[in-house]
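A.B. asks: Sequence and computational prediction follow.
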Amino acid sequence: MFSNEQEVYDTIGAMFTDAVASDDVGTQLAESGVILLLELTQPDAVLTVDMPGRKVHCGATDVESTMRLRATSDVAHNFWMGNVNV
C-alpha cells in the first residue's frame, strides 16, 4: 500500500493528527496519558503520538514513549482502520 516513508506520514500521521486535534476523541486520547511510538517497516517510518500533548511527530524525536507498536506499515494501517484484530 505504501511506497515510501512520506506516504506513511501523510496517511497514518494525518489520521493521528486529526484524532488528537478532535474535541471528542482528542480529549479522550489526552486523558489516556499514552505516548505511542510506532516503529513501522515496509517502508520504514517512525511516528510518535503524544496524546497528552496532542501532537504527532513524524520521524525521530526525543519524546519518550510509554507504549510501542512494531509492525509493517500496511498492518498498522489496517489495524487502525479496524481490519486487523490483535
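C.D. replies: Right, received. Where do you want to start?
A.B. asks: can you pull the buried residues of stretch 28-44?
C.D. replies: 29, 35-38, 40 (16 or more other Cβ atoms under 10 Å). C-beta: built from backbone N, CA, C; applies to glycine.
A.B. asks: chain center to the worst-scoring helix or strand of the chain on mean pLDDT: distance?
C.D. replies: Least confident element among the helices and strands of the chain, by mean pLDDT, DSSP states H and E: helix 73-80 (a mean of 93). Centroid displacement of helix 73-80 relative to its chain, using Cα atoms, centre = their mean, to the nearest Å, is 10 Å.
A.B. asks: Show residues contacting that helix.
C.D. replies: Here helix 73-80 makes contact (Cβ atoms under 8 Å, 6 or more residues apart in numbering) with 1-2, 8, 11-12, 15, 38, 40-43, 45, 69, 71, 84, 86.
A.B. asks: now with 10 Å?
C.D. replies: For helix 73-80, contacts defined as Cβ atoms under 10 Å, 6 or more residues apart in numbering pick out 1-5, 7-8, 11-12, 15-16, 19, 38-45, 47, 69-72, 83-86.
A.B. asks: Just the buried subset of those, written out for PyMOL, thanks.
C.D. replies: This is how PyMOL selects the buried members of those, with burial counted by 16+ other Cβ under 10 Å:
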select buried, resi 2+5+8+12+16+19+38+40+45+47+69+71
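A.B. asks: would you list every one of the strands in the chain?
C.D. replies: According to DSSP state E, the chain carries its strands in the segments 35-41, 45-50, 55-58, 67-72.
A.B. asks: now these in JSON lines, with distance to Phe79?
C.D. replies: Converted to JSON lines, the strands of the chain look like this (distance: least, Cβ to Cβ, whole Å):
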{"stretch": "strand 35-41", "distance to Phe79": "10"}
{"stretch": "strand 45-50", "distance to Phe79": "13"}
{"stretch": "strand 55-58", "distance to Phe79": "17"}
{"stretch": "strand 67-72", "distance to Phe79": "7"}
